[in-house]
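>>> Mind looking at a prediction? Sequence and model below.
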Amino acid sequence: MTWVYEAVASALFLGVYDVFKKHSVNGNAVIPTLFISVCAGALLWLPWVILSAWGEVPHVMLEVDALGWADHLRLLLKSTIVSVSWVLAYFALKHLPVSLAGGIRATGPLWTLLAALVIFAERPNGMQWAGIVVTLGSFVALSFAGRLEGLVFHRNKWVFLMIGGTLAGTVSGLYDKYLMGTIGYRASTVQAWFSIYLVVVMLPMMIGWWRRWWPRGEFHWRWTMPLIGATLLVADYLYFEALRDQDAMISVVSCLRRGGVLVSFAAGYLLFRERNYRAKTPCVLGILAGVVLIVLAR
């Protein structure tokens, strides 16, 4: 039962993370914004990596295990997959309303569910199936509501970038289940080295942006940039802890995690003054109903 609550809490922090992202990249250069956020996350974990090596970690939940070369390569691969997902999603989010971008991104559980059924042979119960269907159906309806804002999905390159980022995120989610459930890495170990390797993977792109290897936008500092990394660390830690539970199902956890779109939906209206909320509201209420069904099923 604990893994369900951890997934819901992760969704709340993920919604706040999306709001900080939108505020940071809105009319701003994407690569340095993303690089600052990943550096903030790495700096938060670096002291615990050092303390763990010295054997002086004050809390077991923050302990980072010693790893071999094969383990480091697995986590470097995780960071590479996530970097691809983030770069695509950040560029898309810069040009799309946060409520619609969140809706498109939230269709990820559909692909995760299909893959989980095949790869992990997961079998949700009847109420969980109902919750998944209601939630994903509402996500799709929310995406179609974008047409009221003049976005023709099959002709908009930013929509395709968001879809590409979503698919890469799905691959990352399945890989997380392998790392946490099959190999058995503790959440703190995955999160610490994943955060550090994100800086390594992103550094060449940051150097290219800095040296103007391609046409680039102007960069402006915003206070939400380091908070992107901080809120994601909390969201991911709760997510990883949920996946460590042997009873946790990646299809259900991923679906619950996308409930964070409720936070970004509210922020789109209150902070970014986005339009067409009469069409979007039933979709968001459907998402909430699906999340409730999934939680009650446990």
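Now that the structure is in, tell me what you want to look at.
>>> elements contacting the helix or strand Trp86 falls within?
Per DSSP states H and E, Trp86 falls inside helix 69-95. If contacts are counted by 3 or more C-beta pairs under 8 Å, 6 or more residues apart in numbering; DSSP states H and E, helix 69-95 sits against helix 2-25, helix 30-54, helix 98-105, helix 157-177, helix 187-210. All C-beta spots, glycine's among them, are computed from the backbone N, C-alpha and C.
>>> quick one, which of those helices is nearest to Gly229?
helix 30-54 (3.3 Å; C-beta to C-beta).
>>> so what's Val291 closest to, chain neighbours aside?
Gly259 (4.5 Å; C-beta to C-beta, 6 or more residues apart in numbering).
>>> residue contacts, Ala130?
Shown in contact with Ala130 (C-beta atoms under 8 Å, 6 or more residues apart in numbering): Gly290, Leu293.
>>> rerun at 6 Å
By C-beta atoms under 6 Å, 6 or more residues apart in numbering, the contact list for Ala130 reads Leu293.
>>> element containing it, please.
helix 126-144.
>>> That helix versus helix 98-105: what angle between them?
130 degrees (axes from the mean of the first three to the mean of the last three C-alpha atoms, to 10 degrees).
>>> Distance from the chain centre to helix 126-144, please.
19 Å (C-alpha atoms, centre = their mean, to the nearest Å).
>>> Could you pull out the buried residues of that helix?
Residues of helix 126-144 classed as buried: 128-132, 134-136, 138-143 (neighbour count, 16 or more other C-beta atoms under 10 Å).
>>> how about it as CSV, C-alpha atoms only?
C-alpha atoms of helix 126-144 as CSV (Å, rounded to 0.1, in the frame of the first residue of the first chain):
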residue,chain,number,x,y,z
GLY,A,126,-10.2,-4.8,-12.5
MET,A,127,-10.4,-1.5,-10.6
GLN,A,128,-6.9,-0.6,-11.6
TRP,A,129,-7.7,-1.3,-15.2
ALA,A,130,-10.7,1.0,-14.9
GLY,A,131,-8.6,3.7,-13.3
ILE,A,132,-5.9,3.4,-16.0
VAL,A,133,-8.5,3.5,-18.8
VAL,A,134,-10.3,6.5,-17.3
THR,A,135,-7.0,8.4,-16.7
LEU,A,136,-5.5,7.7,-20.1
GLY,A,137,-8.7,8.5,-21.9
SER,A,138,-8.8,11.8,-20.1
PHE,A,139,-5.2,12.5,-21.0
VAL,A,140,-6.0,11.9,-24.7
ALA,A,141,-9.1,14.2,-24.4
LEU,A,142,-7.0,16.9,-22.9
SER,A,143,-4.5,16.7,-25.7
PHE,A,144,-7.4,17.0,-28.3
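>>> tilt between that helix and helix 157-177?
160 degrees.
>>> on that earlier part again, orientation of the helix holding Trp86 relative to helix 157-177 in degrees?
150 degrees.
>>> From the chain's centroid, how far away is helix 69-95?
Relative to its chain's centre, helix 69-95 lies at 11 Å (C-alpha atoms, centre = their mean).
>>> For that helix, which residues meet the burial criterion?
For helix 69-95, burial by neighbour count (16+ other C-beta under 10 Å) applies to 71, 74-76, 78-95.
>>> Stretch 56-70 now?
Buried residues in stretch 56-70, defined by neighbour count with 16+ other C-beta under 10 Å: Val57, Leu62, Glu63, Val64.
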